[in-house]
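Novice: Any chance you can model this:
(one chain, ligands or ions: 1)
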Amino acid sequence: MVHRILIVTAVAAEADSVSAGLDLSGPDGPEHLPLPGGFALRRHTGGSVRADVLVGGVGPAAVAAATGTALAAASLKDADSGYDLVVSAGIAGGFPPVAPLGTVVVSGAVVAADLGAETPDGYLTVEELGFGRSSHPVAESLTGRIAAALAAGGLAHTVGPVLTVSTVTGTAGRAAALAERHPGAAAEAMEGFGVAEAAAAYGVPVVEVRAVSNAVGPRDRAAWRIGEALDALRRAFALLSRTDLVEPS
Ligand SMILES: O=C(O)c1cccc(C(=O)CC[C@H]2O[C@@H](n3cnc4c(=O)[nH]cnc43)[C@H](O)[C@@H]2O)c1
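Specialist: Next comes the predicted model:
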């Protein structure tokens, strides 16, 4: 049985790292498939895996639109075109000391960290406000398989909540507030929750895989390690392309 995986990144540089890691296509490289809305899939096929890589844009709204488009197009085509798993992938800020620079974070949960309300008594989530949801859990069986593959390849990694924010954290105060509100938070990025909402609408499991390019905290551009993070992302997907990620049904 062919396992069909949709991997969504924010920008082309992240998609390039994922594609370089996926050891699936022949010498001609991945097939390019246009989607409505100006989006496009890079289709990697090999063995029993079909992995479509999608550049979805920065932020939860842009990436939800792109992911929803890919999932809708697949669902309208035929029964074999749907996806078994959606992966939100890219670089991220890591919460020190949980997720150091250059390491990989696998989401134990995909959490919308600023989807709620500030009140004089503190922050309220959308659940506390009485509507919507702010977290998508990820099955331990899935995070366990991913973690085992990364460990087997000697790639340093952490499993923990990955926060989705619309504003990159740039102060120690906000980093501390997020860490207190989300115990064990491993990383923050800007797309996971948008990808997860689209995947949930189509009943497809989701997980986030992030490589840490910077620490969550006071803004320090000189300390960013984007090249190292993109290389860790490539190594992660090289290991994952040899791993059975889809739950047996
Ligand atoms: O200008 C800054 O201070 C700054 C710091 C970190 C990242 C950015 C970006 O514009 C990149 C956003 C892009 O990369 C992901 N990302 C990477 N690091 C973080 C982070 O610490 N917090 C949130 N997102 C991060 C994110 O998913 C976007 O796709 C600017």
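Novice: Residues of this structure that sit close to the ligand?
Specialist: Proximity of the chain to the ligand is confined to 10, 58, 90-93, 165, 168-170, 188-191, 213-214, 216, 219 under the rule Cβ under 6 Å from any ligand atom. Glycine gets a C-beta too; all of them are placed from N, C-alpha and C.
Novice: Make a ChimeraX selection of whichever of the residues you listed turn out to be buried.
Specialist: Listed next is the ChimeraX selection for buried residues among those, using 16 or more other Cβ atoms under 10 Å:
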select :10,90,91,92,93,165,169,188,189,190,191,213,214,216
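Novice: Which residues are in contact with the residue nearest the centre of the chain?
Specialist: In the chain, the residue lying closest to the centroid (Cα atoms, centre = their mean) is Ser88, at 2.3 Å. By Cβ atoms under 8 Å, 6 or more residues apart in numbering, the contact list for Ser88 reads 8, 63, 107, 110, 189, 191-192, 195-196, 206-209.
Novice: correct me, but Gly47 touches Ser25?
Specialist: No. Using Cβ atoms under 8 Å, Gly47 is not in contact with Ser25; the gap is 11.2 Å.
Novice: higher neighbour count, the two?
Specialist: Ser25 (16 against 11; other Cβ atoms under 10 Å).
Novice: For that one, which non-adjacent residue is closest in space?
Specialist: For Ser25, ignoring the flanking residues on the chain, the nearest one in space by Cβ to Cβ, 6 or more residues apart in numbering is His44 at 4.7 Å.
Novice: Report the spatially closest residue to the residue in the chain that the ligand sits nearest to, excluding sequence-adjacent ones.
Specialist: The nearest approach of the chain to the ligand comes at Gly93, 2.2 Å away (Cβ to the nearest ligand atom). Nearest in space to Gly93, with sequence neighbours left out and distances taken as Cβ to Cβ, 6+ apart, is Val216 at 4.0 Å.
Novice: Among the contacts of Ser88, name the ones in helices.
Specialist: Counting by DSSP state H, the members of the contacts of Ser88 that fall within helices are 63, 192, 195-196.
Novice: which residues of the chain score low on pLDDT?
Specialist: 2, 249 (pLDDT under 70).
Novice: What ranges does it have for its helices?
Specialist: For the chain, the helices defined by DSSP H cover 12-21, 60-77, 126-129, 140-152, 172-181, 192-201, 226-240.
Novice: farthest residue from the center of the chain?
Specialist: Most peripheral residue of the chain (Cα atoms, centre = their mean): Pro120, 32.8 Å.
Novice: Now do the contacts for that one.
Specialist: Pro120 neighbours (Cβ under 8 Å, 6+ apart): none.
Novice: now Met1
Specialist: Applying Cβ under 8 Å, 6+ apart, we find Met1 in contact with Ser48.
Novice: Check the spacing between it and Val53 real quick.
Specialist: Applying Cβ to Cβ, to the nearest Å, the value for Met1 to Val53 is 21 Å.
Novice: cool, and Arg4?
Specialist: Taking Cβ to Cβ as the measure, Arg4 falls 13 Å from Val53.
Novice: Which one's more surrounded, these two?
Specialist: Ranked by neighbour count (other Cβ under 10 Å), Arg4 and Val53 place Val53 first, with 25 against 20.
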